[in-house]
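**Q** what's the 3D shape of this:
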Amino acid sequence: MGITALQNGVKVLGFRAYLFRRAVSALLVLFVIISFNFAVFRLMPGDPSSLIIDPRFTPEAIALLRQQFGLDDPPFVQYVKYIKNLVTFDLGQSFTSRRPVIDELKERLPNTITLFLTSFTFTALLGIAVGVFAAARRGSFAETLVTGAGLFTYAVPTFFFQLLLLLLFGYYVPIFPIHGTISAPPPEGTWAQLLDRLHHLVLPAGSNVIIGFGSWALYTRNAMLEALSQDYIITARAKGLSERAVLYHHALRSVLPPIVTLVFLSLPGLVTGAVITETIFSWHGVGRYLVDAVLQQDYPAAQGAFYLIAIAVIVSNFLADLVYGLVDPRIRVAGENA
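**A** Predicted coordinates for the structure are as follows:
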């Protein structure tokens, strides 16, 4: 008992060491990203002060505005203020709207989260279900169809497919809205507004699901086919278990850890993909806000949106590392030997 408890304690410490290293790595990556974020917008061509300074202003008014927005400070002073403000989520004031950037992001963040969670949930469920379905019908036309569809959707560029859906179901057969998150003016009543938002959500979320499910379906199918060829599956069938029990209680359960890891590893891609989806469908979210801010040379708005997306990507990567460490014992062994 004493040796077993000691071994378990060492494993816990090894896993904690692994998480500590991943957390430190995530913080370093975030620091590099926000530093790059600071530099890249100041190296871009154009003068952002033209957005807030009218040539007809007096020299005193121009100096006051530049001081208010910190544009007359040396680059190092601007950088120190920039880091300090990011830590406290004081993201400054937008050049174009004159509103606090954090307030504008708060308005758009729920829409981005809604789109992200909807796409992520249905992509995972559909991909895993279709993969299991194809593996259970190996050699059939259904498996060929699933494999072909998975390869096709995986190969098609996301923006191209989304533009096709927008043209088909928003223009030629106008059954879905082509832009926005809610009609203008919005319908009256809570349920009417909810249904209207769901109506606007179908195309952007549906396109993400169609594009994303293929890779998960193919991975699940391949993992299931490998599991179904193992000796313990043959033994389970020899015991007289139903094919459904063999498929779901034995084969699927054994391949769930790597599938779950794949699901979480795909999170960063879904986060960054929101920029493309929100731009194409004019979705009122953080991704569209970032694109508009870059085009308008609105440095505070662009930096704030980029910072928020960077945090989401890094947190997603950390969650993937966490799940990977939980489902793969080799990570704990590596932590013990580190």
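**Q** what's next to stretch 173-188, contact-wise?
**A** 111, 166, 169-171, 193, 196-197, 199-203, 281-285 (C-beta atoms under 8 Å, 6 or more residues apart in numbering). Bear in mind the C-beta positions are built from the backbone N, C-alpha and C, glycine included.
**Q** can you pull out the strands in the stretch 101-250 of the chain?
**A** Taking DSSP state E, counting those that start in this stretch, the stretch 101-250 of the chain contains no strands at all.
**Q** near the closest residue to residue 213 other than its chain neighbours, how many other residues are there?
**A** In space, residue 213 comes closest to residue 127 once its chain neighbours are excluded; the distance is 4.1 Å by C-beta to C-beta, 6 or more residues apart in numbering. Residue 127: 26 surrounding residues under other C-beta atoms under 10 Å.
**Q** show me what contacts residue 127?
**A** Residues in contact with residue 127 (C-beta under 8 Å, 6+ apart) are 212-217, 219-220.
**Q** please check the residues you listed and keep the buried ones.
**A** Restricting these to buried positions leaves 212-217, 219-220, with burial counted as 16 or more other C-beta atoms under 10 Å.
**Q** next step: the residues you listed restricted to helices.
**A** Those of the buried ones among the contacts of residue 127 mapping onto helices are 212-217, 219-220, per DSSP state H.
**Q** out of those residues, flag the one nearest to residue 276.
**A** Residue 276 has its nearest neighbour among these in residue 212, at 12.5 Å by C-beta to C-beta.
**Q** these two touch, right, the closest one and residue 125?
**A** No: the pair residue 212 / residue 125 is not scored as a contact, 11.4 Å apart, by C-beta atoms under 8 Å.
**Q** can I get the ones in helices among the buried ones among the contacts of residue 127 in JSON lines including distance to residue 310 and pLDDT?
**A** JSON lines is the format used below for those (distance: C-beta to C-beta, whole Å; pLDDT from 0 to 100):
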{"residue": "212", "distance to residue 310": "22", "pLDDT": "85"}
{"residue": "213", "distance to residue 310": "27", "pLDDT": "86"}
{"residue": "214", "distance to residue 310": "28", "pLDDT": "85"}
{"residue": "215", "distance to residue 310": "24", "pLDDT": "84"}
{"residue": "216", "distance to residue 310": "25", "pLDDT": "86"}
{"residue": "217", "distance to residue 310": "30", "pLDDT": "87"}
{"residue": "219", "distance to residue 310": "27", "pLDDT": "87"}
{"residue": "220", "distance to residue 310": "30", "pLDDT": "88"}
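**Q** make JSON lines out of those and add distance to residue 276.
**A** Listed next are these as JSON lines, based on distance: C-beta to C-beta, whole Å:
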{"residue": "212", "distance to residue 276": "13"}
{"residue": "213", "distance to residue 276": "17"}
{"residue": "214", "distance to residue 276": "17"}
{"residue": "215", "distance to residue 276": "17"}
{"residue": "216", "distance to residue 276": "19"}
{"residue": "217", "distance to residue 276": "22"}
{"residue": "219", "distance to residue 276": "23"}
{"residue": "220", "distance to residue 276": "25"}
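**Q** could you identify the most distant pair in those?
**A** Using C-beta to C-beta, these span at most 13.0 Å, a distance reached by 212 and 220.
**Q** which secondary structure element contains the residue nearest the centre of the chain?
**A** For the chain, the residue nearest the mean C-alpha position is residue 271 (1.8 Å; C-alpha atoms, centre = their mean). Using DSSP states H and E, residue 271 sits in helix 267-280.
**Q** same for the helix or strand following that helix, what does it pack against?
**A** Downstream of helix 267-280, the first helix or strand assigned by DSSP H and E is helix 286-295. For helix 286-295, the packing partners by 3 or more C-beta pairs under 8 Å, 6 or more residues apart in numbering; DSSP states H and E come out as helix 101-136, helix 267-280, helix 299-327.
**Q** save the ones you listed as TSV, and put in distance to residue 225 and mean pLDDT too.
**A** As requested, the helices and strands packed on helix 286-295 are exported to TSV (distance: least, C-beta to C-beta, whole Å; pLDDT from 0 to 100):
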stretch	distance to residue 225	mean pLDDT
helix 101-136	5	89
helix 267-280	25	82
helix 299-327	20	81
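**Q** do you know which of those lies nearest residue 94?
**A** Closest to residue 94 of these, according to C-beta to C-beta: helix 299-327, at 4.6 Å.
**Q** tell me the angle that closest one makes with helix 267-280.
**A** 150 degrees (axes from the mean of the first three to the mean of the last three C-alpha atoms, to 10 degrees).
**Q** quick one: helix 299-327 to helix 101-136, angle?
**A** Between helix 299-327 and helix 101-136, the angle comes out at 40 degrees (the same axes, to 10 degrees).
**Q** quick one: buried residues of helix 299-327?
**A** By 16+ other C-beta under 10 Å, the buried positions in helix 299-327 come out as 299-314, 316-318, 320-325.
**Q** next one: stretch 88-95
**A** 91-95.
**Q** gap between it and the chain center?
**A** Relative to its chain's centre, stretch 88-95 lies at 23 Å (C-alpha atoms, centre = their mean, to the nearest Å).
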